[in-house]
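S.K.: Got a predicted structure here, sequence first:
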Amino acid sequence: MQDKVFENFNEQTRQFFEPMRKLNSLMLDNMEKLSQHQMESMKRYSQMGTERMRDATEIADTEGLRDFTTRQAEMLNELSSQMLEDARTMSEMSLEFKAQLEALLAESGQAFVDQVSQMGNQASEVAQQMGEQASEAVQKAAPKSSPARASSRRKTSS
């Protein structure tokens, strides 16, 4: 019986920590996605800046300066649209994470309710088994009336 109690305890402990493991996994996956996106964005922005600096070093005359300023305006438009796209992507990632988190919390809440119900059922079973064992022990330990004892009781009472 003790083995069953310990097995139930171990299983309940595993079930208790399972939602935390899933939450940590979800958080880690989200952090990985966000970090990857930010690294890619930073790489794009730094490449744009490096290209602009290279173009600036190649200015040799007024015509080159005019071309550079034209390309600079185009690059600023490109940078602006890229930043908007990155913000939109981050927003979508956040909404996806929120939806996953809500689903996980709903699942964990239901699992918790089920686990509490299961624990109550198991506690009832254990209590019933212990009651049965106690009643068996009382029956075994109860003094049995023998005919000799019954006659000695009658003599004493008379």
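M.R.: Now that the structure is in, tell me what you want to look at. A quick note: this is a predicted structure, and the numbers were derived from the prediction, not measured.

S.K.: what bits of the chain have low per-residue confidence?
M.R.: Along the chain, the model assigns pLDDT under 70 to residues 1-2, 119, 142-158.

S.K.: got the residue ranges for the strands in it?
M.R.: Assigned by DSSP state E, the strands in the chain number zero.

S.K.: For the chain, give the helix that spans the most residues.
M.R.: Looking across the chain with DSSP state H, the single longest helix is helix 62-141.

S.K.: which residue is nearest the middle of the protein?
M.R.: Centroid-nearest residue in the chain, with C-alpha atoms, centre = their mean: Leu23, separated by 1.8 Å.

S.K.: Once you drop chain neighbours, what's closest to it?
M.R.: Leu104 (6.2 Å; C-beta to C-beta, 6 or more residues apart in numbering). Using the backbone N, CA and C atoms, a C-beta is placed for each residue, glycine as well.

S.K.: okay, now that neighbour: neighbour count?
M.R.: By other C-beta atoms under 10 Å, 15 other residues sit near Leu104.

S.K.: Same check on Met75?
M.R.: Met75: 16 neighbours (other C-beta under 10 Å).

S.K.: residues touching it, list them.
M.R.: Shown in contact with Met75 (C-beta atoms under 8 Å, 6 or more residues apart in numbering): Met48, Glu51, Arg52.

S.K.: What count of nearby residues applies to the last one?
M.R.: Burial of Arg52, expressed as a neighbour count using other C-beta under 10 Å, amounts to 16.

S.K.: going forward, begin numbering at 19 instead of 1
M.R.: Okay, using 19 as the starting number, the last item reads as Arg70.

S.K.: and the gap between it and Gln100?
M.R.: Distance, Arg70 to Gln100, using C-beta to C-beta, to the nearest Å: 14 Å.

S.K.: likewise the first one?
M.R.: Using C-beta to C-beta, one gets 8 Å for the distance from Met66 to Gln100.

S.K.: try Glu125
M.R.: Per C-beta to C-beta, Glu125 is found 37 Å from Gln100.
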